[in-house]
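Participant: Model the structure of this input:
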Amino acid sequence: MKKSIIILSFSLLLLACGQEKGEINAVNQTPTNLEELQNQKVNYTDQINTLNQELKQVNEAILSLTGDEKRTLVTAFQAESKVFNHTVEVQANIKTRQNLLLSPEFSGRLEQILVVEGQNVKKGKLLAMIDDAGLQDQLDQMNLQLALSKTTFERTQRLWDQKIGSEMMYLEAKTRYKTQQKQVAQMKEQLAKTKIYAPFNGVIDEITAKEGETVAPGMSPILRIVNLNSMYVESDVPENYLKNITKGSSATVTIPVLNETQTTIIRQTGNFIQPSNRTFRIEAPLDNPTGLIKPNLNARLSVIDYANQEAIMIPLRVVRENAKGETFVFVLETPEENNGFTTSQQFVSLGKAQNEMVEIIEGIELNDLIVDEGVSLLVAGQKVTRIEQ
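Facilitator: Coordinates of the predicted model:
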């Protein structure tokens, strides 16, 4: 076949040359008449155009058979499925609920501080004492009166049980005894306010007061106690993620200052939308075995709001858009020898994008060859050569 085409090509050229020679001779024998010469010119031009067209077709056939056809060079990758987790990244703040600045409940002179900064303490440990201003002496007197009232009441009750004495005497003794019991209990509660105890296990982070100075409730903080074992990260998320970020969503916390990353889960989502910025609150626990994570550290929280275990992901750079706003990619079809292919324009529906990659919802099948480099030079149905990357 190839040999026949080559012979045909030479035959056409010889025929053209023969015709041209005959015509030229005819011109030389023709009188120099302008009208006849112009007619001959038109005739020769038509013959040349016809031969050029036939020659072009012969050349294209030769190139197709010999493999010397010039094609656009492209690279392509095979569509594969992979796990795709789309994340939402927000700024977050690290906190702990066990971080208290303890203030006194009783006004008076700070008599003694029983701990030092950096000391680990257990829940219920006595931390500081305030001068009771004689409350203990009053309690001692009240206890004596209570003991007397108790004895009087018990004797009156025994007599009343034997039908001796009046009912009024019995009721008065009982009332006096109960009243003094309540007075003693109230005095004990008041006296207890002169002592400050640890509300939970933690470390004494800061002591702000000094022994001997006068302190007052709500005005004179004494010390700060912090528990670093119950840390959590908190952030505000835009309301449009309300359906996708829920309790139990997987998340990753990055703390730039410590160059540390932890995986966690969302344990709580807010039930209130902030009207000022249209956000809701989320919270996730943190592990702090070394104690390096401190309250109010800045962090980045990445929460998975969408997951697909078999997603087809392609680079955004290979996606094209036409004048109608339709997105498409070029796919290699009809494989030939020497990595030859024909391009096909495939319209696609896009899903979520992340890290310069986009999910294909429909339009692409597994193992399709998607054009990468050289895609900007292509049109549908174009012959290309795929080069290996």
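Participant: For the rest of this, base every contact and every neighbour count on C-alpha atoms.
Facilitator: Fine.
Participant: any idea where the strands of the stretch 151-300 of the chain begin and end?
Facilitator: In the stretch 151-300 of the chain, the strands defined using DSSP state E, counting those that start in this stretch lie at 195-197, 202-207, 214-215, 223-226, 231-238, 250-255, 260-265, 268-269, 279-286, 298-315.
Participant: Next, give phi and psi for the residue nearest to residue 348 when sequence neighbours are not counted.
Facilitator: Closest residue in space to residue 348, ignoring its immediate chain neighbours: residue 363 at 4.4 Å, by CA to CA, 6 or more residues apart in numbering. Per-residue torsions, residue 363: phi 110, psi -20 (degrees, to the nearest 10).
Participant: these two touch, right, residue 363 and residue 347?
Facilitator: Yes: the pair residue 363 and residue 347 qualifies as a contact (CA atoms under 8 Å) at a distance of 5.9 Å.
Participant: burial of residue 123, as a residue count?
Facilitator: 11 (other CA atoms under 10 Å).
Participant: What's the separation between it and residue 196?
Facilitator: The spacing between residue 123 and residue 196, counted by CA to CA, to the nearest Å, is 11 Å.
Participant: from the chain's centre, how far out does the helix of greatest length in the chain sit?
Facilitator: Longest helix of the chain, by residue count under DSSP state H: helix 34-66. Centre-to-centre, helix 34-66 and its host chain are 67 Å apart (CA atoms, centre = their mean, to the nearest Å).
Participant: what does stretch 288-304 give?
Facilitator: For stretch 288-304, the distance to the chain centre is 15 Å (CA atoms, centre = their mean).
Participant: same check, this time on stretch 186-197
Facilitator: Worked out by CA atoms, centre = their mean, stretch 186-197 lies 49 Å from the chain centre.
Participant: got it, and stretch 292-312?
Facilitator: 5 Å.
Participant: Buried ones in it, by neighbour count?
Facilitator: For stretch 292-312, a neighbour-count test (16 or more other CA atoms under 10 Å) marks 293, 295, 298, 299, 300, 301, 302, 303, 304, 305, 311, 312 as buried.
Participant: Determine which two of those residues are furthest apart.
Facilitator: Within those, 295 and 312 form the most distant pair, 41.2 Å apart (CA to CA).
Participant: Quick one, grab the pLDDT at the residue nearest to residue 348.
Facilitator: Residue 363 carries a pLDDT value of 93.
Participant: could you measure it against residue 105, distance?
Facilitator: Residue 363 is 71 Å from residue 105, by CA to CA.
Participant: Settle it for me: which of these two has more neighbours?
Facilitator: Counted by other CA under 10 Å, residue 363 and residue 105 do not tie: residue 105 has more neighbours, with 18 against 12.
Participant: In this structure the more buried one contacts residue 219, no?
Facilitator: No: using CA under 8 Å, residue 105 is not in contact with residue 219; the gap is 10.1 Å.
Participant: one step back: just put the strands of the stretch 151-300 of the chain in a markdown table and tack on mean pLDDT and distance to residue 244.
Facilitator: A markdown table is the format used below for the strands of the stretch 151-300 of the chain (pLDDT from 0 to 100; distance: least, CA to CA, whole Å):
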| stretch | mean pLDDT | distance to residue 244 |
| --- | --- | --- |
| strand 195-197 | 92 | 44 |
| strand 202-207 | 92 | 37 |
| strand 214-215 | 90 | 50 |
| strand 223-226 | 94 | 34 |
| strand 231-238 | 95 | 11 |
| strand 250-255 | 96 | 11 |
| strand 260-265 | 95 | 14 |
| strand 268-269 | 94 | 11 |
| strand 279-286 | 96 | 12 |
| strand 298-315 | 95 | 5 |
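Participant: Comparing the ones you listed, which stretch has the densest surroundings?
Facilitator: Mean neighbours per residue, mean count of other CA atoms under 10 Å, is largest over the strands of the stretch 151-300 of the chain for strand 223-226, with a mean of 22.
Participant: Name every strand pairing with that strand and say which way it goes.
Facilitator: Take DSSP bridges as the rule and strand 223-226 pairs in its sheet with strand 99-102 (antiparallel), strand 202-207 (antiparallel).
Participant: Now the element after the first one, going C-ward?
Facilitator: Going down the chain from strand 99-102, the next helix or strand is strand 108-113, by DSSP states H and E.
Participant: partners of that following strand, with directions?
Facilitator: Strand 108-113 has the following strand partners under DSSP bridges: strand 126-130 (antiparallel), strand 214-215 (antiparallel).
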